[in-house]
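1. Provided below are the primary sequence and the corresponding predicted coordinates.
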Amino acid sequence: MAMGPTPSGGRGGRRTPMAEINVTPLVDVMLVLLIIFMITAPLLMTGVPIHLPDSRAKALEQPKKPIQISIDAQGQVFVDDDQVDDAALPDRLARIAAQGPVGGEPQQIFLRADRGIDYGRVMAVMGELNRAGLNKVALVSTPADERR
């Protein structure tokens with residue numbers, strides 16, 4: 001038996017249009033996009049590589065992008081992704097504080113420190129933040145269930 005459109009009942013033997021969608025090109029495009037996203041997703045992770053300590057605290061909701069200060073395992077300080085030496089840190093923090101409150105609220109600072117870093121180094125950076133007038137500081141950790 002032949003496959004194809006069936007003739008309609010009357011009207012001079014007209015055939016009904018074929019109403020099938022070829023999904024093969026759609027599947028091909030979706031697989032290519034999946035591969036692209038799988039390759040590029042790890043490349044989008046930017047920032048300073050730090051092994052954060054674990055915590056069971058919930059994540060804070062942030063309406064604005066905070067300033068991220070990171071201290072890596074060697075004790076080097078980064079403001080966002082820019083390395084800042086100890087002598088220039090007070091001036092850099094003073095410039096951030098001079099920008100004033102964003103939307104009526106003080107500037108939010110996220111402090112990320114490597115789990116192996118000396119506690120005194122973290123406190124020295126926090127002291128500089130306090131001295132600059134940046135008092136809204138949040139310590140960043142990884143959730144306890146996301147241990148690596």
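-> Looks like it arrived, so ask away.
2. And the next helix or strand past the worst-scoring helix or strand of the chain on mean pLDDT?
-> Least confident helix or strand, the chain: strand 54-55 with a mean of 70, by mean pLDDT, DSSP states H and E. The C-terminal neighbour of strand 54-55 among helices and strands, as given by DSSP states H and E, is strand 67-71.
3. What is the helix or strand just after that following strand packed up against?
-> Reading on from strand 67-71 to the C-terminus, the next helix or strand found by DSSP H and E is strand 77-79. Counting contacts by 3 or more Cβ pairs under 8 Å, 6 or more residues apart in numbering; DSSP states H and E, strand 77-79 packs against strand 67-71, strand 82-84, helix 89-98. Quick note: C-beta positions are derived from backbone N, CA and C, even for glycine.
4. Can you find which helix in this structure contains the most residues?
-> helix 24-40 (DSSP state H).
5. What average pLDDT does that one get?
-> Averaging pLDDT along helix 24-40 gives 90.
6. That helix: how far from the chain's middle?
-> Its chain's C-alpha centre and that of helix 24-40 lie 23 Å apart, by Cα atoms, centre = their mean, to the nearest Å.
7. picking that back up, Serialize the helices and strands packed on strand 77-79 to a markdown table and add fields for mean pLDDT.
-> Shown next, in a markdown table, are the helices and strands packed on strand 77-79 (pLDDT from 0 to 100):
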| stretch | mean pLDDT |
| --- | --- |
| strand 67-71 | 89 |
| strand 82-84 | 89 |
| helix 89-98 | 88 |
